[in-house]
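Participant: Here is a sequence together with a model predicted from it:
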Amino acid sequence: MSAGTRRSMSRTAGRQSQGTRTVAKSNYVRTNAKGMGKLFASANYMMFRPNEEGETHRHGHNGLKEHEPHEVHTWLAEQSKEHQYCYRLVLSPGRNLGEEAMLHWANRTLREGGHDTYMVFVHAGDKGHTQNPHVHVLLMSDLRLDKQDFWVMRTTGDRLVAGIEAAYQHNPHLSWDKWQAMQAERAAKADAVENGPAKSGVKSKGQDETGESGNDRKEEPQKAERQRRMQMDMDM
């Protein structure tokens, strides 16, 4: 399913929703020569704003992997050549998720809303600088986003947050990459159940391919003896 199709479906679903807890707000910068200075300044603010301990370094994340600051700068320069607008977003689920859960939530909220070209910076947990966990996002777009687009982000965020929060309460060290690996493992197991296990010369219960097991062979003389006695009784 393409990003455009997901975005269209999400917009339709969003119109049917009532009230949200997720916060989604932004402004945009045109990706021309005049706007690039603002974008690099925004990226640096998102990556290097101090947390409560004074630490400043945050990675960017594009839904697939982490990026060092210099890689974020390269990405920003490359994507600005291909897209007309860059939105500077703030997303918050309205509750205190940890760093990994916040990243997971933001990635899924954006991707299920039909957005694929972005960079997320988490301000939560050890990397938070306020008491309100949130993420900053640089989101590339060829079109101007409207109220409905942000409504979709909020309703999607609300729909996802409860399940993600529950998962991370039981898996406190579950990263975005580990979650993807876990989903792939579940899919592989489901496929194995559907298609059945591979055939081998000996089955798990000691049966060979003819269906005979060691126990079956031991019972053969006993069956023959029972049949012989039954025949004798009938003859009498």
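Facilitator: Here it is on my side, so go on. Every value quoted in this text rests on a predicted model; they were computed, and no experiment measured them.

Participant: my read: V23 touches V90, true?
Facilitator: Yes. With contact defined as C-beta atoms under 8 Å, V23 reaches V90; the gap is 6.9 Å. All C-beta spots, glycine's among them, are computed from the backbone N, C-alpha and C.

Participant: any common contacting residues for those two?
Facilitator: H134 (C-beta atoms under 8 Å, 6 or more residues apart in numbering).

Participant: how near is the nearest residue to M119 once chain neighbours are set aside to W179?
Facilitator: In space, and not counting its chain neighbours, M119 is closest to G60: 4.1 Å by C-beta to C-beta, 6 or more residues apart in numbering. Applying C-beta to C-beta, to the nearest Å, the value for G60 to W179 is 18 Å.

Participant: quick one: which of these two has more around it?
Facilitator: Neighbour comparison, G60 and W179: the larger count goes to G60, with 25 against 20 (by other C-beta atoms under 10 Å).

Participant: Could you give the bridge partners of that one?
Facilitator: G60 forms beta bridges with H67, as assigned by DSSP bridges.

Participant: what's it in contact with, if anything?
Facilitator: When contacts are counted by C-beta under 8 Å, 6+ apart, G60 is found next to 43, 46-47, 66-67, 69, 71-72, 75, 119-121, 138.

Participant: tell me the pLDDT at it?
Facilitator: The pLDDT attached to G60 in the predicted structure is 95.

Participant: picking that back up, filter the contacts of G60 down to the ones in helices?
Facilitator: Secondary structure assignment by DSSP state H places A43, M46, M47, P69, E71, V72, W75 of the contacts of G60 in helices.

Participant: Grab the nearest non-local neighbour of the fourth one.
Facilitator: So the one you mean is P69. In space, not counting the residues next to it along the chain, P69 is nearest to M47; the distance is 5.3 Å by C-beta to C-beta, 6+ apart.

Participant: Pretty sure that neighbour sits against H70.
Facilitator: No. M47 lies out of contact with H70 (C-beta under 8 Å); the separation is 10.4 Å.

Participant: you'd agree L89 is up against S141?
Facilitator: No. With contact defined as C-beta under 8 Å, L89 does not count as touching S141 (10.7 Å).
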